[in-house]
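In: predicted model follows, preceded by the sequence.
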Amino acid sequence: MDKILNITILAGIFVSFIMIIYLLYYMVTRKSIYDKLIASDLIAMPLIMAIVLVSMYYKTFSYISLILIISIICFVGTVVTTRFLARKEVFSDDDNK
């Protein structure tokens, strides 16, 4: 049973890296900035999946903080990018109006 689980985990890691490669190709080939933003957001999902599967393969919980850091960076990056695309500035002086 342990051998089947290890093969399944390794297959999941392989599939997640294939997904990352496809999303990077998608980002390069698309012209719209919105398509590139969505693809860059979606890269985080298979990356986190690969880290979880590596953590399961090595039977450790030490990668959980890495997953949280990647999630926070992706969230902040998405918020800042969408704010910039909407207003053409990241930080605005709302007090001076």
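Out: Done, it's in.
In: make it CA atoms for all contacts and neighbour counts henceforth
Out: Noted.
In: show me which residues of the helix or strand harbouring L5 are buried.
Out: In the assignment (DSSP states H and E), L5 maps to helix 2-29. The neighbour-count check on helix 2-29 (16 or more other CA atoms under 10 Å) flags 9-10, 12-13, 16-17, 19-20, 23-24, 27 as buried.
In: and if you look at stretch 55-63?
Out: Neighbour counts using 16+ other CA under 10 Å place 55, 57 of stretch 55-63 among the buried residues.
In: please name every helix or strand in contact with the helix holding L5.
Out: helix 33-58 (3 or more CA pairs under 8 Å, 6 or more residues apart in numbering; DSSP states H and E).
In: so after the helix it packs on, what's the next helix or strand?
Out: By DSSP H and E, the next helix or strand past helix 33-58 is helix 64-87.
In: what mean pLDDT does that next one have?
Out: The average of the pLDDT scores along helix 64-87 is 88.
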